[in-house]
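Novice: Sequence first, then the predicted structure:
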Amino acid sequence: MTVPISWYLLLSAFLFACGVTGFLTKRNVITLFMSIELMLNGVNLSFIAFATRLQTLDGHIFVFFVMVVAAAEAAVGLAIIIAVYRTRETLNVDRVNLLKL
Amino acid sequence: MHQFLFIVFAVFCAGGAINLLVQRKTINSALSLIVVMGSLAMIYLLLGAEFVAVVQVIIYAGAIMVLYIFVIMLLNAGDEEASKGSNVAKYFGIPGLFIGGIIGIGVLLKHRPNDTPLKLGALYGPADQVGMLLFTKYLLAFEVTSVLVLIAIMGAVVLARRSDS
């Protein structure tokens, strides 16, 4: 019993599409960040599937780097969210519009 | 067995992703994202990526999501306000989605890719082999990543500090 690589890639594409949809439709800035994490997870699944297909471990290394970058992004992004919430008292991205003309 | 396990965890994964979009409370979205990450770790194990599966649970489902939930609790993020819904999304987005989907399915059916079946654990990736590669071929990238993490820590401390102190 085997699973074709296209199943993994379809799941990966579905996760990425869900992430894009959440990023475009949601208004809460924390949910936007979680949608980005969902997109990164979809990409990671593609990396692992292709690493298995090509019989090389390099894809695993790239997943590791993506995770490190995601952790750094989450730390800095959530710090920015806290700073914005202190000054603007809102988490709605539509209300954070100081740069808008 | 392999197919059965894949389908079970893929359904968990897809269901969690959809639940993340549907839920209006931020905390529920965060919890469904943890479901997605946990089932993705199991799918990595099915592919034989031991190290990545463990790191996925520890870093993603552990550290990053704890940080998210901590911030959600700290800021008391409750219900999300509904967006007004833009006309651009209504008149261009939904037809564009259909057209893009039809084109994508058509291309996939026309150029059927070389579909390779992957066996259970087809590429065994234990921590020692991944580490060997990390500290030889990708040593420079690894060191640069450590600088990135250091800068991220300093940035988080600076940004989250109260400015009036």
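Specialist: Nice, I can see it.
Novice: any idea where the strands of the chain begin and end?
Specialist: I went with chain A, as the question did not name one. Using DSSP state E, the strands of chain A run over A:3-4.
Novice: wait, chain B
Specialist: Counting by DSSP E, the strands of chain B are B:117-118.
Novice: The worst-scoring helix or strand of it on mean pLDDT packs against which elements?
Specialist: In chain B, no helix or strand scores lower on mean pLDDT, DSSP states H and E than strand B:117-118, which sits at a mean of 71. Contacts defined by 3 or more C-beta pairs under 8 Å, 6 or more residues apart in numbering or on different chains; DSSP states H and E place strand B:117-118 against strand A:3-4, helix A:5-25, helix A:29-54. C-beta here means a position set from N, CA and C on the backbone, and glycine is covered the same way.
Novice: same for the worst-scoring helix or strand of chain A on mean pLDDT, what does it pack against?
Specialist: Every helix and strand of chain A was ranked by mean pLDDT, DSSP H and E. The lowest is strand A:3-4, at a mean of 80. Judged by 3+ C-beta pairs under 8 Å, 6+ apart, strand A:3-4 is in contact with helix B:2-22, strand B:117-118.
Novice: how about low-confidence regions in the chain?
Specialist: Unless you meant another one, I'm taking chain A. A:1 (pLDDT under 70).
Novice: actually it's chain B I care about, not the one you picked
Specialist: In chain B, residues with pLDDT under 70: B:77-85, B:112-114, B:120-122, B:163-165.
Novice: which residue ends up closest to the midpoint of it in space?
Specialist: The centroid of chain B falls nearest to B:M37 when counting by C-alpha atoms, centre = their mean (6.3 Å).
Novice: is it true that it touches B:G62?
Specialist: No: at 9.3 Å, B:M37 and B:G62 do not qualify as touching, with contact defined as C-beta atoms under 8 Å.
Novice: Mean neighbour count added to the helices and strands packed on strand B:117-118, as a markdown table?
Specialist: Output for the helices and strands packed on strand B:117-118, formatted as a markdown table (neighbours: other C-beta atoms under 10 Å in any protein chain shown):
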| stretch | mean neighbour count |
| --- | --- |
| strand A:3-4 | 18 |
| helix A:5-25 | 19 |
| helix A:29-54 | 22 |
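Novice: would you list those in CSV and tack on distance to B:V8?
Specialist: CSV is the format used below for the helices and strands packed on strand B:117-118 (distance: least, C-beta to C-beta, whole Å):
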stretch, distance to B:V8
strand A:3-4, 12
helix A:5-25, 12
helix A:29-54, 16
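Novice: Just give the strands next to the least confident helix or strand of chain B in its sheet, each with its orientation.
Specialist: Strand B:117-118 sits in its sheet next to strand A:3-4 (antiparallel), going by DSSP bridges.
Novice: circling back to that earlier point, ok, the residue nearest to the centre of chain B - contacts?
Specialist: Under the criterion of C-beta atoms under 8 Å, 6 or more residues apart in numbering or on different chains, the neighbours of B:M37 are A:N41, B:Q56, B:V57, B:Y60, B:A61, B:M65.
Novice: same deal with A:V43?
Specialist: By C-beta under 8 Å, 6+ apart, the neighbours of A:V43 are A:S12, A:F16, A:V66.
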